[in-house]
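Q: Quick one, fold the following:
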Amino acid sequence: MDLLIPIVVGVIAVLAIVGVLLAFAWRRVVETNTVHIVQSSRKTTSYGSNMPAGNVYYEVPSFIPLFGVTVIELPVNNFDLSLHGYKAYDKDRVPFELDLVAFFHISDTNVAAKRVANFNELKTQLQAVVQGAVRKILASHEIGLIMGDRSTFGNQFTEEVRAELLNWGVEPVKNLELMDIRDADGSKVIANIMAKKISHIDMESRLEVAKNRQQAETAEIAAKQEVDLRAEQAKQAVGERQAQQLQAVGIANEVSKQEIQAQARVTKEREMDVLGVETQRKAEIAKNAAIVEADQVKATDIIFAEGEKQKTILTAEGVLEQEKRKAEGIQVNGVAAADAQRLMLLAPVEAQITLAEKIAQLPEYQAYLVQIEQVKAAQAVGIANAGALEAANIKIIANSGDASTGIASIGDLLGSKGGVAFGALLEGFANTPQGAAALARLGVNTNEGGKTDAA
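A: Here you go, the predicted model:
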């Protein structure tokens, strides 16, 4: 008995040491951005950062009864899923390839752990879900719409997979993005669409450049006309001002000369009066007074006449200048009206020329116009035929075909071909007893050769 106690104590000590060593060996600390889902015989618990159970657990091997566990490691940070070179079809079964990127987040690790055994299996299943959503949505739209509105389709992809991803405990972080769309092997549909778009952009650019160039040239012409007109008006104003100045100076010079001459004459006469004899002074004074008075009247009349003359000249020049300005204004308005009329008349012609050039560049549209003219011609012929038949009071019964075929048969009947057929009919009819008798009643005799002669 004394020997058994130490043995039991030793075994217990060994078991305790082994338990401690196993505890250290099985102890697990979950890394950041990772969740370990531990499945025991009774429950499932998630361990990791910000988890209620903490981030430490003991991974007891699953072969140990009651205490053994299984562990599934899943990331809690965002992860991406890519489709590269995925072959798809549009509404019209046009093949193309696309690249797509999706970003997901595991929202419920316990649900995810029930669905998959590891993270790689989860990504594989999610990829199948994304492929199904992409195939379903793209197959109901045309390739042109898919290329032109990628963001809208990204939203549709996301909404399509959102509900299904809840079954895996996963939710999308952002909308699925169409990174690239290109032609499949042997297809040129997307290349043709891009070429068509590029040519359309080039056409719009060239039209806009031509329009801007036309507006610039028109503005330059108008500005040049305005500058030239103002320059002419400035020259005219300067000339008029110079003429007025010259006229005023000339008038002042003439008036000054007249006054000097008058004063010189008066001075000379006064000197002669002083030198006259004293006996003749009174008579000369009276005479000189009369002469001075006459000279003053004459000078006044001359000055008044010159004033009237200058007034008449200035009035005539003013009227002349006014008429000249009116004539120039009429001329400028006439030129502007003529230019406007010319541009209005040229606008339809330029539009027709532009339309003709566009039609010349589109053989398909030319063929379409020719077909329309052919239909119009056939319609006109049919109307004419119907009118002719109505005027002739002819009824056509066509056993096969249409009215046009019946009309053609009538034409054959009235021609040489119809005459030969009618003669052959009469010949066969006369070779029968009944036919010969009927012809005889009509006054037609038949000879032995079967030929008919009119009575």
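Q: Where do the strands of the protein begin and end?
A: 27-29, 34-39, 44-48, 56-58, 70-75, 79-89, 95-106, 170-172, 177-183, 444-446, 452-454 (DSSP state E).
Q: so can I have TSV of these showing mean pLDDT and mean neighbour count?
A: C-betas here are computed from N, CA, C, even on glycine. Shown next, in TSV, are these (pLDDT from 0 to 100; neighbours: other Cβ atoms under 10 Å):
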stretch	mean pLDDT	mean neighbour count
strand 27-29	77	12
strand 34-39	80	20
strand 44-48	79	19
strand 56-58	79	15
strand 70-75	81	17
strand 79-89	84	15
strand 95-106	86	19
strand 170-172	88	20
strand 177-183	79	16
strand 444-446	65	16
strand 452-454	46	12
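Q: can you tell me which of the ones you listed comes nearest to K114?
A: Minimum separation from K114 across the strands of the chain (Cβ to Cβ) falls at strand 44-48, 7.8 Å.
Q: tell me the angle of that closest one relative to strand 34-39?
A: On the basis of axes from the mean of the first three to the mean of the last three Cα atoms, to 10 degrees, strand 44-48 is oriented at 160 degrees to strand 34-39.
Q: Quickly run through the sheet partners of strand 44-48, with directions.
A: strand 34-39 (antiparallel) (DSSP bridges).
Q: Burial check on E269, number of neighbours?
A: 14 (other Cβ atoms under 10 Å).
Q: Renumber starting at 727 from here on
A: I'll keep to 727 as the first residue from here, and by that count the last item is E995.
Q: Distance-wise, check it relative to D1027.
A: 19 Å (Cβ to Cβ, to the nearest Å).
Q: Just list the residues touching Y773, thanks.
A: When contacts are counted by Cβ atoms under 8 Å, 6 or more residues apart in numbering, Y773 touches R754, V756, V761, H762, V764, A779, G780, N781, V782, Y783.
Q: Tell me who's in contact with the fifth one.
A: Under the criterion of Cβ under 8 Å, 6+ apart, the neighbours of V764 are T770, T771, S772, Y773, Y783, E785, V795, T796, V797.
Q: So which residue is smack in the middle of the protein?
A: E930 (6.8 Å; Cα atoms, centre = their mean).
Q: And the furthest pair within the contacts of Y773?
A: Largest separation among the contacts of Y773 by Cβ to Cβ: V761 and V782, giving 13.1 Å.
Q: Which other helices and strands does the longest helix seen in the chain contact?
A: Longest helix in the chain, counting residues (DSSP state H): helix 915-1001. The contact analysis (3 or more Cβ pairs under 8 Å, 6 or more residues apart in numbering; DSSP states H and E) places helix 915-1001 against helix 869-874, strand 903-909, helix 1007-1086.
Q: Sheet partners, orientation included, of the second one?
A: Okay, so that is strand 903-909. Going by DSSP bridges, the partners of strand 903-909 are strand 821-832 (antiparallel).
Q: Contacts only, for I832.
A: Contacts of I832 (Cβ under 8 Å, 6+ apart): V761, L800, P801, V802, A838, L848, G895, V896.
Q: what about the closest residue to the fifth one other than its chain neighbours, distance to N776?
A: Once its chain neighbours are removed from consideration, A838 has its nearest residue in G895; the separation is 4.0 Å (Cβ to Cβ, 6 or more residues apart in numbering). From G895 over to N776 the distance is 16 Å, taken as Cβ to Cβ.
Q: Those two: who's more crowded?
A: Between G895 and N776, counted using other Cβ under 10 Å, G895 has the larger neighbour count: 20 against 8.
Q: That one and T835 touch, don't they?
A: Yes: using Cβ atoms under 8 Å, G895 makes contact with T835 at a distance of 6.5 Å.
Q: domain parsing for the protein?
A: 742-799, 804-913, 1142-1181 (automatic domain parsing).
Q: Save those as CSV, and put in distance to P1089 too.
A: Shown next, in CSV, are those (distance: least, Cβ to Cβ, whole Å):
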stretch, distance to P1089
domain 742-799, 64
domain 804-913, 23
domain 1142-1181, 41
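Q: Determine which of those domains approaches K1084 most closely.
A: domain 804-913 (22.9 Å).
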